[in-house]
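Undergrad: Task: produce atomic coordinates for the following.
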Amino acid sequence: MEWREFAEAMAGLARSLLAQESVQGTLDEIAQSAVRLVEGCDAAGILAVRKGRAVTLSACGDVVEASDRLQGELAEGPCFDLAERANGERVFRIEDMTQPQEAWPRFAAAARDLGIGSMTGVLLYTHDEDFGALNLYSRRPGAFGKDIETAGWLLASHAAVALADARTIDQLEDAMKTRHAIGEAMGILMERHKLSEDDAFDVLRRISQQHNIKLRDVAQRVRKDPPRQA
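TA: Below is the predicted model of the structure:
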């Protein structure tokens with residue numbers, strides 16, 4: 001994609017982001033746009049680390065959550081390295097993940113097993129022990145050249161604004177857990193009682209209203225002890 005086309009696409013993205021109704025929607029649109037707009041990008045995600053605990057805030061592509069989880073579990077990887085540097089550098093670029101990486105050998109070996117050929121990323125923010133990063137992945141080595149850094153910066157700037165309030169990380173993680181729990185509870189009701197998706201959600205909402213219980217708590221109860229009658 002030519003730079004003029006990319007600039008026009010970024011302008012369209014900015015308009016699309018303004019139309020999003022939530023921070024989660026904004027982050028998801030950024031990750032999806034990275035895959036759509038950046039040549040060679042097969043997957044993209046936004047990672048937050050809070051006191052060593054890695055949280056995937058948004059993911060477009062199967063390898064994203066696995067890569068984030070590995071960096072958190074091993075406490076090593078390009079994002080951790082970037083956050084700890086004292087020289088102010090905010091961009092990393094790994095041209096060939098198939099080659100040994102001395103800085104984080106365990107993560108690099110696991111990344112190769114995931115099929116990651118090259119990576120690039122931009123640090124979004126740092127605060128005490130917390131940091132966030134936008135990461136782009138490709139299945140082939142050498143996918144990201146020096147010119148990709150500008151594209152990464154433009155995308156990351158939108159993500160950084162969306163994450164300006166550090167409390168957002170906790171809110172997003174809680175929202176993701178809630179969405180997952182409700183989705184599982186709806187699936188249980190749909191399978192057990194042959195309900196449609198809308199009917200299953202109505203059951204959860206009705207129980208929540210009748211008993212004055214949060215929807216997430218109702219979903220967790222359904223997962224543990226599904227009602228016999230819907």
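Undergrad: Find the residue at the geometric middle of this structure.
TA: For the chain, the residue lying nearest the average C-alpha position, counting by CA atoms, centre = their mean, turns out to be Ser58 (2.0 Å).
Undergrad: give me the beta-bridge partners of that one?
TA: With DSSP bridges as the criterion, the beta-bridge partners of Ser58 are Ile46.
Undergrad: Give me the local confidence score for it.
TA: What the model reports for Ser58 is a pLDDT of 91.
Undergrad: got any ranges where the chain has weak pLDDT?
TA: Across the chain, the stretches falling below the confidence threshold (pLDDT under 70) are 1-4, 6-7, 10, 13-14, 18, 86-88, 165-176, 226-230.
Undergrad: now the helices for it?
TA: Using DSSP state H, the helices assigned to the chain run over residues 3-18, 23-37, 63-74, 78-84, 105-113, 148-162, 167-193, 197-211, 215-224.
Undergrad: mind checking which of these is nearest Glu129?
TA: Glu129 lies closest, by CB to CB, to one member of these: helix 78-84, at 9.1 Å. Where C-beta positions appear, they are placed from N, C-alpha and C, glycine not excepted.
Undergrad: Could you pull out the buried residues of the closest one?
TA: Neighbour counts over helix 78-84 (16 or more other CB atoms under 10 Å) mark Pro78, Cys79, Phe80, Asp81, Leu82, Ala83 as buried.
Undergrad: And these, which is closest to Gly115?
TA: Looking at the buried residues of helix 78-84 and their distance to Gly115, the nearest is Pro78, at 16.6 Å (CB to CB).
Undergrad: That closest one is in contact with Ile94, isn't it?
TA: Yes - here Pro78 lies in contact with Ile94, judged by CB atoms under 8 Å, at a distance of 6.2 Å.
Undergrad: Show me whatever sits in contact with both of the two.
TA: With contacts taken as CB atoms under 8 Å, 6 or more residues apart in numbering, Pro78 and Ile94 have Met119 as neighbours in common.
Undergrad: okay, now the domains of the chain?
TA: Segmentation of the chain into domains, based on automatic domain parsing, reads 3-164, 172-224.
Undergrad: which one of these has the most crowded surroundings?
TA: Comparing those by mean neighbour count (mean count of other CB atoms under 10 Å), domain 3-164 ranks first with a mean of 18.
Undergrad: How far does that one sit from its chain's centre?
TA: For domain 3-164, the gap between its own C-alpha mean and the chain's C-alpha mean amounts to 9 Å (CA atoms, centre = their mean, to the nearest Å).
Undergrad: Please look at Gly77 and Trp104 and confirm they touch.
TA: Yes - if you go by CB under 8 Å, Gly77 and Trp104 touch, sitting 5.2 Å apart.
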